[in-house]
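J.: Give me the fold of what follows.
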Amino acid sequence: MENGKTIEQIISLFFKTNRLIYKQLKIKECHDFFSFLQLETLNYIKNNKKPLMKEVAGFLSITPSSATPLINRLVKIEMIKRCLDENDRRVVRLSITPKGQKMLKKEIKKVSIQMQKTLARLNRQEQKNLIEILQKIQRVYNDNHYKKI
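T.: Below is the predicted model:
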């Protein structure tokens, strides 16, 4: 397979796999389903004590204005809350609520169970190869030189 067709196939497989995972998870639990973006956002806020909106946006690789509707929705359903910075009351920080922590734990467990079932179909070496490939792709995207291209 020539390089161009290989790249096209990889891109197609990435998108198709993402849609299939999303669809499968949504079918299983449609009444309180959270998107991966919402889960990633909750997890980031949980693991980074009271981040700023721009820090969350940077983590998600989106602009702060694009992050606003996502954050507003999570605030509205009481998964996170906005709080004033202790040193500068003009600065607004984000924190996860107990309800958000409970929901995050529940949703991550659902995703984990589903992914375990899927990944169990790969043998040990295939799982290791997948980890190495995904880590390498992340390193490429995180490389500052690559970002300038």
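J.: who's in contact with the most centrally placed residue in the chain?
T.: Nearest to the geometric centre of the chain sits E40, at 3.3 Å (Cα atoms, centre = their mean). Listed by Cβ atoms under 8 Å, 6 or more residues apart in numbering, the contact set of E40 reads F59, L60. C-beta here means a position set from N, CA and C on the backbone, and glycine is covered the same way.
J.: Mind doing that once more with 10 Å?
T.: F34, V56, F59, L60, L70 (Cβ atoms under 10 Å, 6 or more residues apart in numbering).
J.: In this protein, spot the helix with the most residues.
T.: helix 3-28 (DSSP state H).
J.: Check which element follows that helix along the chain.
T.: For helix 3-28, the following helix or strand on the C-terminal side (DSSP states H and E) is helix 36-47.
J.: pLDDT on that following helix, on average?
T.: Rounded to a whole number, the mean pLDDT of helix 36-47 is 92.
J.: what angle do that helix and helix 3-28 make?
T.: Interaxial angle, helix 36-47 versus helix 3-28 (axes from the mean of the first three to the mean of the last three Cα atoms, to 10 degrees): 80 degrees.
J.: For helix 36-47, buried residues please.
T.: Q38, L39, T41, L42, Y44, I45 (16 or more other Cβ atoms under 10 Å).
J.: Of those, which is the nearest to S66?
T.: T41 (11.9 Å; Cβ to Cβ).
J.: From V56, how far out is the closest one?
T.: Applying Cβ to Cβ, to the nearest Å, the value for T41 to V56 is 6 Å.
J.: Need the overlap of contacts for those two.
T.: Contacts common to T41 and V56, judged by Cβ under 10 Å, 6+ apart, are A67, L70, I71, I80, L94.
J.: Just list whatever residues bridge to the fourth one.
T.: According to DSSP bridges, I96 are recorded as the beta-bridge partners of I80.
J.: number of nearby residues for the residue nearest to L119 when sequence neighbours are not counted?
T.: Of all residues not flanking L119 in the chain, Q127 sits nearest, at 6.1 Å (Cβ to Cβ, 6 or more residues apart in numbering). Look at Q127: counted by other Cβ atoms under 10 Å, it has 13 neighbours.
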